[in-house]
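*Asks:* need a structure here:
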Amino acid sequence: MTKPAVLSRLATALCRGLLVLWVGALWAVGYLAAPVLFASLPRLVAGEVAGKLFFIVGWIGMVAGILLLVYVRYTQAAGRERRLRLLLLSVLWLLAAAQLFWLQPVIAGIKAQLPPLPPDVASLGPEFAFWHALSSALYLLQSLAGLILVMLGGVESRRPAVA
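*Replies:* Just a heads-up that it's a prediction; the model follows:
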């Protein structure tokens, strides 16, 4: 096997791994870890831990998204298949950016303005509930876009790029 072929296979394998890490983290944190945290810990403590996990997932998305967008853009032939993958990756990345740089800071700001609360508090108020619901809806969209991308075969094309 030639050196360029080995590098191409390595890049493909790394990008597969990045996509699995990103989409797997979205699903594992959002739909496994967070519910377990809220079922096992006082509400405020669970929220703090979940927030830290979502922050990490957001940064995984920022890094993986850019690398995967570049990979698809420069390794796949132009066409409908590439456009669909680029669209899904762009949606994933933009939603991750919205979570990380817009929604998480807004939610943290609301929580910082609240007086000290007991750990078993039932609600953080209507403003928090609105932003949390919006964040949850966008997270679901991001998770579904990732699932669709994985179901379509990830970031690999059936056709090689034209040189």
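*Asks:* C-alpha only now, for contacts and for neighbours.
*Replies:* Fine.
*Asks:* contacting residues for the closest residue to residue 40 other than its chain neighbours?
*Replies:* Among residues not flanking residue 40 along the chain, residue 46 sits closest, at 7.9 Å (Cα to Cα, 6 or more residues apart in numbering). Contact analysis of residue 46 by Cα atoms under 8 Å, 6 or more residues apart in numbering lists 34, 37, 38, 40.
*Asks:* Go through the helix or strand where the first one lies and flag the buried ones.
*Replies:* By that I understand residue 34. Using DSSP states H and E, residue 34 sits in helix 34-40. Going by neighbour count (16 or more other Cα atoms under 10 Å), the buried part of helix 34-40 is 34, 37, 38.
*Asks:* Tell me the one among these nearest to residue 93.
*Replies:* Here the nearest of the buried residues of helix 34-40 to residue 93, counting by Cα to Cα, is residue 34; it sits at 21.3 Å.
*Asks:* coming back round to it: pLDDT at the residue nearest to residue 40, what is it?
*Replies:* pLDDT recorded at residue 46 is 91.
*Asks:* Contact partners for residue 69?
*Replies:* Residue 69 makes contact with 86, 89, 90, according to Cα under 8 Å, 6+ apart.
*Asks:* how does it look with 10 Å?
*Replies:* For residue 69, the contacting residues are 15, 85, 86, 87, 88, 89, 90, 93, 155, by Cα atoms under 10 Å, 6 or more residues apart in numbering.
*Asks:* Now tabulate those in JSON lines and tack on pLDDT, neighbour count and secondary structure.
*Replies:* Listed next are those as JSON lines, based on pLDDT from 0 to 100; neighbours: other Cα atoms under 10 Å; DSSP: H, G, I helix; E, B strand; the rest coil:
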{"residue": "15", "pLDDT": "93", "neighbour count": "21", "secondary structure": "helix"}
{"residue": "85", "pLDDT": "93", "neighbour count": "25", "secondary structure": "helix"}
{"residue": "86", "pLDDT": "95", "neighbour count": "20", "secondary structure": "helix"}
{"residue": "87", "pLDDT": "95", "neighbour count": "15", "secondary structure": "helix"}
{"residue": "88", "pLDDT": "95", "neighbour count": "21", "secondary structure": "helix"}
{"residue": "89", "pLDDT": "96", "neighbour count": "26", "secondary structure": "helix"}
{"residue": "90", "pLDDT": "97", "neighbour count": "17", "secondary structure": "helix"}
{"residue": "93", "pLDDT": "97", "neighbour count": "22", "secondary structure": "helix"}
{"residue": "155", "pLDDT": "84", "neighbour count": "25", "secondary structure": "coil"}
